[in-house]
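Peer 1: sequence first, predicted coordinates after that:
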Amino acid sequence: MNFPQPMKQRLLHSALAQMPRPDTLADKLLRDWLAQRGVLLSPADIDVVTFHYQDPEREEGQPWLPPQAKVIQRVSLTDALLANWQGEPCTGSGGFHFGDWAGMAPLHAVTFVDRMRPPPLLSNAMSYLIFNGLYRRTPKKELSPATLLPIRAEVFQDYVWGLHLHERLKAQLDSYWQQSRTDYARALEIAFITACNNQVSEGSLSVPAWRLAWQAGGLLPLDTRAITTRLLNVYGYHSTSIIYIKADDSSTVVLYLPGNASPLHEFPDLSALKHWFAEQCKDPTRREWLQQCFSPADWADGLEFSGLVTALKGLGCYPAAHRLPDDQPGFATSGIWDPEETIEFGSPTHSLPIDGNLFDHLADRQKQRSYDDLDYRVITNRQVNKTHWGSYLNVAQCLLAPLCVVVPELLPVMVLGGVAQFSLGMDQVINGHSLDEKAEGVENQVFGLFNALPLPIGIARASQAFHYRLPGLLQPTQLADVLGEAANVSVPTDALQLVPAQAAFRDTVRITTGSQSVVVTRVGDNLGHYFEGTFQAPQGIKTQPVVYDLHTDSFIKLSEYRQPTPERWVIDSGGSAALVRIADAQRVVTDAQRMGTLRQLGIQLDLPMDYTHFDTLERTPIPRIVSSLWVGDKAISPVFLEALVHNAEALEDTGYQYQLFLSRQSPRAYSANLTLLRSRTLHMSVLPLEDQPFYQAFASSPYFAQYQAALGITNPGITNFSSASDILRYRMLKQIGGFYLDADDRLLNAASGPGNPPLASQTLRTTADGLLLYPPVCNDQLGFYIQYNSSMIGSHPGNPTLDAISEAILQRFQQDPTFYTERPDRVFNPVAFNAYARRLSRLSGPGVLNDVIDARLPWLRQLREMCRLLVSPIYDIHGALDTSQLTRLIREHVPLDRFFEAGRAHSWEQN
């Protein structure tokens, strides 16, 4: 039993787990090298130190004093390796790294001073000695013979320069990009969406900028409007990470500067962006940051042209001229760097728009950048280009910078640098298991030099954060495993390569009743349920995952449940805000106590579970009729037509009557749809809906007004044909009986092929007031979990339960009379649409069906709640629930997954 890890964490982990780790590579190499020389210290406990030292000045007769030293450089052994360390040659070596250039160590422990005493007047001799050495690190940073290691600095530098670390890291890069390029691109997309959501929350993103960002990020349909996305070009040098987005029908521009907490900046036009960029270049720190957003191969001046560094300095001087030093080699020149000409330099063809997936393109740019960074820092033996000095950690840091907005553990890596921070940050990311979104720190972290500010009052701020819902009907793996191969519904994929970036933004759903429960039930990304218990800790109230032991009516911390005698916890009847420990795990508990706890967990199960009660139900065969409805004035689309054709062919010569009730609300649509159906030579009855006796009785019933409202007759232009079908199907079944199928549901064929569906050879039975249904499923979009779906229903005619459902739908419409007066835009107003979808389910969809089942069909409710128990973290689930009996009961009482496949048209989203 494993606690579900948030999808966002899993997706980011997959992008970072194989990231090149110069720190671990260096640590491994150094440990081996030290061991060969008899040193067993960790490289992290060894400093490479360069210092100047001299004897202190003292008067004759004064006691001896230890030498004084000024530390020039002190780095850990690992940092030194990754920075291609070179020491300072001692006096007499001529400034070269030949022979014993590291110098002579002082014979005594030194004391530290801020500066060396200068030589006497008229003296050309140096007043101090130079030493480079490897020292064991101590709390007081002692430099003495006792802490000096028996390894000369010359030996260490020769090792560094002969190691060919470049080739080793290149191999890691090759492996990473081959295995993880797609994962990295997905992580860039997660970071981009996170930035959008953060800026919506803080009010720094206007509605036009939000729309541009969402469309560029693939959150709006590509055909919403024509936009162009380009990499920023400065003097012909293209950034590896900065992009700008512009719509063809507007001058507004959005600039994306990854590596900042609020990286999306809005400008009224491209000219404003250019001048803003030039203004940023006046600050050396900001200019250096912007320089890092371009490949190091573009930084330096060439013999005949200026490099990026000169261009950025020139922009910072504008409108004044920039001048190169007189001793600048080559023929490059400088002058006035007008941002209008320098930024987006050259012809339009020089900065081609990004085609295809934006984040794939950015990943490819970062891939090339990583190799450029690596090559920039390569040295040959005894040839160090100090202008290229820097740690190989920079290679990995450049890859990580765009992800800081979504992986706050990386912030110290970016801000503080160094091997220790890099290792700590990466280890936290890769090994972390926090479920608390606040613990991830995304919402409250502020970092970076280029953060967008909240918009002034009067400018329309974007209000829609992106939230994801798993699409379609799904079943948790535990339930799908019980149903076996006959289960014809998808399970949430566990193959991360198939999971989209948007899945990182699914909100964890709480289904527990009551707001003050000390144990909360949540629905994970795999749609399995899990429990979070509240515990009193020295730091205050904390939550931990728990499992429930039905036998003892107690909870066990998930971290302890495999122990022979784990501690047990219970809900305090006195109203404690946390679970309380019990001393006697063998205490006597009643079924009533267990049921009370289960109800707090959202499981309405009756105990004891009596499997034999189901066998006493008086069930008779339902009519061999299959009916579907087509309401409203829309043309039958191909996905529905193919399903109808398939079903007609499958049911031919099976003894089943197959009929479609086709609305003629719109004579033109009716005629076109009838012609379309007849063109396919369907073996089915196509009947005018409005001519049927059940419809005519329905038209004079109190339910008809709601039906008309759903069709948009009451409020023209606002329709919900799915809800209209919901309302009508129960009246049709009450008159006719048999099976109702949504028009996109399909019959399953037998293994022998079409014409012999499993339905033909089975006699399906239920009680006079019962329903034949699909096994419990989940629909994240509609907000129901482990409930019966209403897209396919079997019933006897005259079933009073159908009347109860119609009455419940009517009552809910009376409680929510404005439902059909508005329909939020699913694309541009997703938050409101998600709430609307849940209202739809409660009003006329699966929500109302399940509530009526709870009230009138306790045996179906009990079967559903057994399934809910199955997908929950129960201690010894097989001792608590007989899964073989559960499988048998599902097959007998909710068997429709063996005969039908639920459609995937999701027409409720559109009409």
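Peer 2: Received the coordinates, thanks.

Peer 1: find the residue at the geometric middle of this protein.
Peer 2: Geometric centre of the chain, nearest residue: A504, 1.9 Å, by Cα atoms, centre = their mean.

Peer 1: secondary structure class for that residue?
Peer 2: Three-state call for A504 (DSSP: H, G, I helix; E, B strand; the rest coil): helix.

Peer 1: who touches it in this structure?
Peer 2: 7-8, 11-12, 190, 193, 468 (Cβ atoms under 8 Å, 6 or more residues apart in numbering). (C-beta placed from N, C-alpha, C; glycine too.)

Peer 1: may I ask which two of these are separated the most?
Peer 2: Using Cβ to Cβ, those span at most 15.1 Å, a distance reached by L12 and Y468.

Peer 1: the two: who's more crowded?
Peer 2: Neighbour tally, L12 and Y468, criterion other Cβ atoms under 10 Å: the higher count belongs to L12, 24 against 20.

Peer 1: who touches that one in this structure?
Peer 2: So L12 contacts 187, 190, 403, 406-407, 429, 504 (Cβ under 8 Å, 6+ apart).

Peer 1: show the average pLDDT along the helix or strand where it lies.
Peer 2: Taking DSSP states H and E as the definition, L12 sits inside helix 7-16. Per-residue pLDDT over helix 7-16 has a mean of 90.

Peer 1: what's downstream of it, the next helix or strand?
Peer 2: The element immediately downstream of helix 7-16 (helix or strand, assigned by DSSP H and E) is helix 22-36.

Peer 1: now K246: closest residue in space, sequence neighbours ignored.
Peer 2: In this structure, K246 finds its nearest non-sequential neighbour in V253, 4.9 Å apart by Cβ to Cβ, 6 or more residues apart in numbering.

Peer 1: buried set for stretch 574-589?
Peer 2: 578-579, 589 (16 or more other Cβ atoms under 10 Å).

Peer 1: can you get me a residue count around the closest residue to R510 other than its chain neighbours?
Peer 2: Using Cβ to Cβ, 6+ apart and skipping the chain neighbours, the partner closest in space to R510 is R522 (5.5 Å). Other residues lying near R522 total 18 when counted by other Cβ under 10 Å.

Peer 1: also Y235?
Peer 2: Number of residues near Y235 (other Cβ under 10 Å) recorded here: 21.

Peer 1: likewise A880?
Peer 2: A880 has 17 neighbours, counted by other Cβ under 10 Å.

Peer 1: for it, which residues are in contact?
Peer 2: Taking Cβ under 8 Å, 6+ apart, one finds 550-551, 869, 874 in contact with A880.

Peer 1: for the residue nearest to K246, grab phi and psi.
Peer 2: Backbone torsions for V253, taken as degrees, to the nearest 10, come to phi -130, psi 140.

Peer 1: double-check it against E266; I have them as touching.
Peer 2: Yes - with contact defined as Cβ atoms under 8 Å, V253 counts as touching E266 (7.4 Å).

Peer 1: where do the helices sit along the stretch 801-911 of the chain?
Peer 2: Here the stretch 801-911 of the chain has its helices, by DSSP state H, counting those that start in this stretch, at 830-843, 846-856, 858-870, 877-880, 883-893.

Peer 1: for the shortest one, which positions count as buried?
Peer 2: The one in question is helix 877-880. 877, 880.

Peer 1: one more: stretch 41-51?
Peer 2: Neighbour-count burial for stretch 41-51 [16+ other Cβ under 10 Å]: 41, 43-44, 46-51.

Peer 1: now swap in stretch 794-802 and tell me
Peer 2: 794-797, 799, 801-802.

Peer 1: that one: end-to-end distance?
Peer 2: 11 Å (Cα to Cα, to the nearest Å).

Peer 1: do stretch 123-132 as well
Peer 2: First-to-last residue span, stretch 123-132, Cα to Cα: 25 Å.

Peer 1: quick check: pLDDT value at the spatially closest residue to E142 that is not a sequence neighbour.
Peer 2: Leaving aside its sequence neighbours, E142 sits nearest to A109 (Cβ to Cβ, 6+ apart; 6.3 Å). At A109, the model reports a pLDDT of 95.

Peer 1: quick check, A109 in a helix?
Peer 2: No - counting by three-state DSSP, A109 is not part of a helix but coil.

Peer 1: mind starting the numbering at 32 from now?
Peer 2: In the new count, where the first residue is 32, that last one comes out as A140.

Peer 1: show me the contacts for it.
Peer 2: So A140 contacts 97, 173-177 (Cβ under 8 Å, 6+ apart).

Peer 1: now I258
Peer 2: Contacts here follow Cβ under 8 Å, 6+ apart; on that basis I258 touches 243, 246-247, 276-279.

Peer 1: nearest to A799, of the residues you listed?
Peer 2: Proximity of the contacts of I258 to A799 (Cβ to Cβ) peaks at Q246, which lies at 54.9 Å.

Peer 1: how far away is that closest one from Q104?
Peer 2: Q246 sits 50 Å away from Q104, going by Cβ to Cβ, to the nearest Å.

Peer 1: quick revisit: ramachandran angles for the residue nearest to E173?
Peer 2: Torsion angles, degrees, to the nearest 10, at A140: phi -60, psi 140.

Peer 1: confidence score at the closest residue to R537 other than its chain neighbours?
Peer 2: In this structure, R537 finds its nearest non-sequential neighbour in Y499, 4.4 Å apart by Cβ to Cβ, 6+ apart. Turning to Y499, the model gives it a pLDDT of 91.

Peer 1: my guess is Y499 contacts Q533, does it?
Peer 2: Yes - using Cβ under 8 Å as the test, Y499 is close enough to Q533 to be in contact (4.6 Å).

Peer 1: contacting residues around T373?
Peer 2: Counting by Cβ under 8 Å, 6+ apart, T373 has contacts 265-266, 305, 309, 342, 345-346.
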